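Colleague: Pasting the sequence and the predicted coordinates here, then a few questions.
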Amino acid sequence: MQSFWNNDSDLQDIADQLVLMVPDMGPVEQPRKNKALERFRRASNCYYDLYNNGLCNRGPEFRRLFKVRVSDFYKYSYGLRGRYRDIDFDRIMPVVEPIMRNIVMAAAREQGIEA
């Protein structure tokens, strides 16, 4: 499956242009005027946290932005210290990618980037 995480989405060029508009830290300039770009910034941070950290840092924000309950996508394993959970990325990716696409497209429209 093509994804932004793998940098092979058909919208990757657009997402890359949007990333250049986002500051390294903090909200975008004029977040009330650039609502979709600010949402893209926040969603990108959550998206990264999902695939890099299993949402250890941004779980509640991810739930609010993506409207996805990650606990529905847990798989459980048993290790030396007992039971632990992992996100089943094969199951969550088909749910998250279309949402991220919509966020990218909304920000692109707002910023005048053509698809």
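Modeller: Nice, I can see it. Remember, predicted model here, so these are calculated numbers, not experimental data.
Colleague: any weak-confidence spans in this structure?
Modeller: Along the chain, segments meeting pLDDT under 70 span 1, 77-84.
Colleague: any idea which element the spatially most central residue of it lies in?
Modeller: Ranked by distance to the mean C-alpha position of the chain (C-alpha atoms, centre = their mean), the top residue is residue 47 at 2.5 Å. Taking DSSP states H and E as the definition, one finds residue 47 inside helix 35-53.
Colleague: how about that helix: buried residues?
Modeller: Of the residues in helix 35-53, 36-47, 49-51 count as buried by neighbour count, 16 or more other C-beta atoms under 10 Å. Backbone N, C-alpha and C define where each C-beta goes, glycine included.
Colleague: Kindly report the same for stretch 20-32.
Modeller: Of all the residues in stretch 20-32, those buried under the rule 16+ other C-beta under 10 Å are 22, 28.
Colleague: CA atoms only for that stretch, dumped as PDB, please.
Modeller: The C-alpha trace of stretch 20-32 is given here as PDB (Å, rounded to 0.1, in the frame of the first residue of the first chain):
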ATOM      1  CA  LEU A  20       8.100  23.400   3.700                       C
ATOM      2  CA  MET A  21       5.300  25.800   4.900                       C
ATOM      3  CA  VAL A  22       5.300  24.400   8.500                       C
ATOM      4  CA  PRO A  23       7.700  25.700  11.100                       C
ATOM      5  CA  ASP A  24      10.200  23.400  12.800                       C
ATOM      6  CA  MET A  25       8.400  24.100  16.100                       C
ATOM      7  CA  GLY A  26       5.100  25.500  17.100                       C
ATOM      8  CA  PRO A  27       2.000  26.400  15.100                       C
ATOM      9  CA  VAL A  28       1.900  27.700  11.600                       C
ATOM     10  CA  GLU A  29       1.800  31.400  10.900                       C
ATOM     11  CA  GLN A  30      -1.800  32.800  11.400                       C
ATOM     12  CA  PRO A  31      -3.300  29.400  12.400                       C
ATOM     13  CA  ARG A  32      -6.800  30.900  12.300                       C
END
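Colleague: From the chain's centroid, how far away is it?
Modeller: Between the centre of stretch 20-32 and the centre of its host chain there is 16 Å, according to C-alpha atoms, centre = their mean, to the nearest Å.
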